[in-house]
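*Asks:* can't give you the sequence, but here's the structure:
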């Protein structure tokens, strides 16, 4: 099987989050206020937020995806996430990026989301 040439062997497809930053939990909670309009579960528990990276200057980079590339709110969702996170005390700046690598799958949902949707 051929490996993609633009990917370094052993590099995870999803970059790790800055989970040890003091603002991390507040940012996660802010992400949980944003819902996918087609599924009654917040985007964080759906597994749509791949990475929350926080710089020492409290600049936040969020990489997220959608349940499907053709999602009708694809153009709006990053703005909803930025609007939820930016008002938090101490946040300097928020940038939200979109990726479809790796593609979202139901296995990325939290147990809470699976329970909410009747998959458990």
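*Replies:* Cool, got the structure. A quick note: this is a predicted structure, and the numbers were derived from the prediction, not measured. Numbering: from 1, shown residues only.

*Asks:* Is residue 47 in contact with residue 112, as I believe?
*Replies:* No - the pair residue 47 and residue 112 fails to qualify as a contact (C-beta atoms under 8 Å) at a distance of 11.1 Å. Heads up, the C-betas are built off the backbone N, CA and C, glycines and all.

*Asks:* May I have the phi/psi pair for the residue nearest in space to the middle of the chain?
*Replies:* Against the mean C-alpha coordinate of the chain, by C-alpha atoms, centre = their mean, the closest residue is residue 49 at 1.1 Å. Here is the backbone geometry of residue 49 (degrees, to the nearest 10): phi -90, psi 110.

*Asks:* List the beta-bridge partners for it.
*Replies:* Residue 49 forms beta bridges with residue 64, as assigned by DSSP bridges.

*Asks:* Quick check: it touching residue 60?
*Replies:* No - proximity of residue 49 to residue 60 does not meet the contact threshold set by C-beta under 8 Å, at 11.4 Å.

*Asks:* about what we covered before: tell me the pLDDT of the residue nearest to the centre of the chain.
*Replies:* With respect to pLDDT, residue 49 has a value of 97.

*Asks:* Please apply the same query to the one 3 residues further on.
*Replies:* Looking at residue 52, its pLDDT stands at 97.

*Asks:* contacting residues around it?
*Replies:* Residue 52 makes contact with 17, 18, 24, 27, 28, 31, 60, 61, 62, according to C-beta atoms under 8 Å, 6 or more residues apart in numbering.

*Asks:* now do 6 Å
*Replies:* Contacts here follow C-beta atoms under 6 Å, 6 or more residues apart in numbering; on that basis residue 52 touches 17, 27, 62.

*Asks:* so it, which of the three states?
*Replies:* Three states are possible here, and by DSSP: H, G, I helix; E, B strand; the rest coil the one that applies to residue 52 is strand.

*Asks:* nearest spatial neighbour of it, skipping sequence neighbours?
*Replies:* If the residues on either side of it in the chain are set aside, residue 52 comes closest to residue 17, at 4.5 Å by C-beta to C-beta, 6 or more residues apart in numbering.
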